[in-house]
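S.K.: show me how the following folds:
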Amino acid sequence: MIGHEVLDTGLDDGEDDDFDLAEVFDSELPDGRYLDRELSWLAFNQRVLELAEDPAMPVLERANFLAIFGSNLDEFFMVRVAGLRRRIVTGLAVPTNVGRTPQDVLADISAEAHRLQLRHADAWTSQVKPALADAGIDFLSWGDLGDDEKDDLYRYFQAQVFPVLMPLAVDPAHPFPYISGLSLNLAIRIRNARTGRQEFARLKVPPMLPRFVRVGEEGERIRFLPLEDLIANNLADLFPGMEILDHHTFRLTRNEDVEIEEDETENLIQALEAELLRRRFGPPIRLEVTDDMDDLTLDLLIDELDISEQQVYRLPGALDLRGLFDLGRIARPDLRYPPHVPITALAFQPGDSNERPDIFAAIRMADVLVHHPYESFTTSVQAFLEQAAKDPHVLAIKQTLYRTSGDSPIVQALIDAAEAGKQVLALVEVKARFDEAANIVWARKLEKAGVHVVYGLVGLKTHCKLALVIREEEGTLRSYSHIGTGNYNPKTSRIYEDFGLFTTDEQVGRDLIRLFNELSGYAIEKKFKRLLVAPRHLRKGLLRLIDKERRNAEAGKASGIRIKVNSMVDEQIIDALYRASQAGVPVEIWVRGICSLKPGVPGMSENITVRSILGRYLEHSRIFSFANDGDPQVYIGSADMMHRNLDRRIEVLVRVVAPGHLKEMDDLFTLAMSDGTSSWHLGPEGEWVRHSVGENGKPLVDLQDRTMSNVQRRRRARAVR
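M.R.: As a prediction, this is how the structure comes out:
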């Protein structure tokens, strides 16, 4: 049965050691062959913005994309821009791979970010906000309200808002207050009526309160007032006896990246907790202000925060549109995407008796490939671990946890298994960016339940998605393995597109046992048969596979490369793809975010095509497919083509071998790259052009809608049989 024999992928130690990288990179490629990664990321966020600007998109989805754009840009500044500035200040920054100085790149980022933030603000004020009003959802200002409405809102202000406000004065007795990162604030100028002296005060808009306050009903219309507008128009209650001269909204972004010298600390958890505390006080990176802020107030903020004019972003309208995420609570399904309901994967569907299926029996029958969110995470991955926790024949469970939800049934299954006396190992990656604090909490809870918790290898993040169940069957031990492209997170599994492979293949089981031993103990494993593992083998293995396609093309054999990733940045991988293209290999790249590769350049990359697809789901799976002269080698896993993934993380790719699974992924890729499918096309100079409407004026195929239809059609076909 396919997937259950010992499969030699040709990636064993001996052949891999014979592969000579120098021979692959012995020919010259032109300078200027890479696109700047930071500007490419901003281009990705522009694609998100273009969805918000699309009038054909349901209007509440447009508002959601505006919120996503803002959240994405915040993280970009907190991490990427902050890191670049830190390297410039410390003298560690070096020229980029596009031949520009770090200072030039920072200037380019600033110019493009300013342009995009203005476009983002305009998309809200002139496009999405009016479209919401047309649909019966109004965003008002204080001046739009009637007297009775103002009275009602004042009572709400007094009861729910006023008690938690904390005005902070700035004067000789009160130094300029600390401004927390991403907080929304009011800068207030007041005059002392008794002395005539002008003063300054800062007021933080409470983040725990709803950002948009519901205003009394007007027929069937839903009406909101920004919280900062409500506060600003009741400042007299906060400063009795003072004259309110002016007030303006501002928002600060700080450096919130985390750096830990793991080899210099004995306790990673304690070091990380200290670093998380330091993160709150990172240096300012960006100051957003409303465009009507007066020069006196702005100069005070610039001086006190010690930032440059380049870091100031003057914006019209409301700041921090992340608050639009709250519109998800509005019960207007007519203003959203039509519902997609995940179905249970065919292999895991209940039989005629409708009893809960035996997940282990299904995997023993054949490898199972599950495609989320089209196929349910709950009835596959979650059910797999929950059954393992309860099964008396299961002796051990080993799993990696990178990001998981706050009420994770995955974590609970591991706790249940440990409490039932099973051996349970959880490798918790506490350094998962912005999830560090939550992961520390879960790690301690797991430890208290008797789970063996480890934190991986010094200097490396464990990013791979692995679960291994050891089960005793008729006197022998059998390994049940799951290797995925996405996190063990039931919440994000409903919006992240990912693949997961279940298998009882003996070789995969042995590979995972060895890998977990390396991650939890002192083993240094050199041999993996059906896996490609970073940082030791993955880069070299992919380069060898790419180069084999080049040699096949030169020999007149069938060749082709298809890669789906979130980011394509690594120079060695890109150069290998350029050389494959020069040899005539058709190369198709499906990338969600950053792409530093230049497609379509004559003599270098004319055989390379790059597409990007954004939509209701976040394309997250990674697929690596090589034609291999008619014997395709296809891998899925957790690795993007970035330095950090290939060199500084534990990543795993597993080879997929079942013909039906290969066809499913090949068909998906063919649909994604089709000119009849809605997508963005990358040009040689880094320009992304959206293709969403055909020559006949009709919308092109939505890949995610079509994929859901295909999955449901397969289920109906089985039901008929």
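S.K.: look up how far Val533 lies from the nearest residue to Val591 once chain neighbours are set aside.
M.R.: Counting by Cβ to Cβ, 6 or more residues apart in numbering, Val591 lies nearest to Met568, which is 5.2 Å off, once chain neighbours are set aside. (C-beta placed from N, C-alpha, C; glycine too.) Remark: distance between Met568 and Val533 (Cβ to Cβ, to the nearest Å) = 20 Å.
S.K.: give me the more crowded residue out of those two.
M.R.: Ranked by neighbour count (other Cβ atoms under 10 Å), Met568 and Val533 place Met568 first, with 27 against 23.
S.K.: just to check, that one is in contact with Arg592?
M.R.: No - in this structure, Met568 is not within contact of Arg592 by Cβ atoms under 8 Å, at 9.9 Å.
S.K.: on that earlier part again, show me what the residue nearest to Val591 bridges to in the sheet.
M.R.: Cys595, Met641 (DSSP bridges).
S.K.: cool, Arg478 as well?
M.R.: Listed by DSSP bridges, the beta-bridge partners for Arg478 are Arg471.
S.K.: ok, it - contacts?
M.R.: Residues near Arg478 by Cβ atoms under 8 Å, 6 or more residues apart in numbering: Arg364, Ile470, Arg471, Glu472, Thr504, Gly509.
S.K.: which one (most neighbours) among those?
M.R.: Greatest neighbour count in the contacts of Arg478, by other Cβ under 10 Å, goes to Thr504: 22 neighbours.
S.K.: which one is Ile589 nearest to, not counting chain neighbours?
M.R.: Distance criterion Cβ to Cβ, 6+ apart; nearest residue to Ile589, sequence neighbours excluded, is Val610 at 4.5 Å.
S.K.: I meant to write His248 there.
M.R.: The spatial neighbour of His248 that comes closest, neighbours along the chain excluded (Cβ to Cβ, 6+ apart), is Met293 at 4.1 Å.
S.K.: tell me where the stretch 51-200 of the chain is predicted with low confidence.
M.R.: Within the stretch 51-200 of the chain, the ranges that satisfy pLDDT under 70 run 93-98, 171-174.
S.K.: show me where it has its strands.
M.R.: According to DSSP state E, counting those that start in this stretch, the stretch 51-200 of the chain carries its strands in the segments 137-139, 168-170, 184-192, 198-204.
S.K.: remind me, longest strand of this structure?
M.R.: When the chain is scanned for its longest strand (criterion: DSSP state E), the result is strand 242-254.
S.K.: which other helices and strands contact it?
M.R.: strand 184-192, helix 227-232, strand 284-290, helix 295-305 (3 or more Cβ pairs under 8 Å, 6 or more residues apart in numbering; DSSP states H and E).
S.K.: right, so of those, which gets closest to Val453?
M.R.: Nearest to Val453, of all the helices and strands packed on strand 242-254, is strand 284-290, at 34.0 Å by Cβ to Cβ.
S.K.: list the neighbouring strands of the closest one plus their orientation.
M.R.: Neighbouring strands of strand 284-290 in its sheet, by DSSP bridges, are strand 242-254 (antiparallel), strand 312-315 (parallel).
S.K.: quick check, distance from it to the centre of its chain.
M.R.: Here strand 284-290 is found 24 Å from its chain centre; the criterion is Cα atoms, centre = their mean, to the nearest Å.
S.K.: of the helices and strands packed on strand 242-254, which is nearest Pro163?
M.R.: For Pro163, the closest of these is helix 227-232, at 12.6 Å, according to Cβ to Cβ.
S.K.: for the closest one, packing partners?
M.R.: strand 184-192, strand 212-218, strand 242-254.
S.K.: can I get those in TSV with mean neighbour count and distance to Ala67?
M.R.: Converted to TSV, the helices and strands packed on helix 227-232 look like this (neighbours: other Cβ atoms under 10 Å; distance: least, Cβ to Cβ, whole Å):
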stretch	mean neighbour count	distance to Ala67
strand 184-192	20	14
strand 212-218	15	12
strand 242-254	19	15
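S.K.: pipe the strands of the stretch 51-200 of the chain into JSON lines and attach distance to Ser493 per row.
M.R.: Converted to JSON lines, the strands of the stretch 51-200 of the chain look like this (distance: least, Cβ to Cβ, whole Å):
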{"stretch": "strand 137-139", "distance to Ser493": "29"}
{"stretch": "strand 168-170", "distance to Ser493": "43"}
{"stretch": "strand 184-192", "distance to Ser493": "31"}
{"stretch": "strand 198-204", "distance to Ser493": "35"}
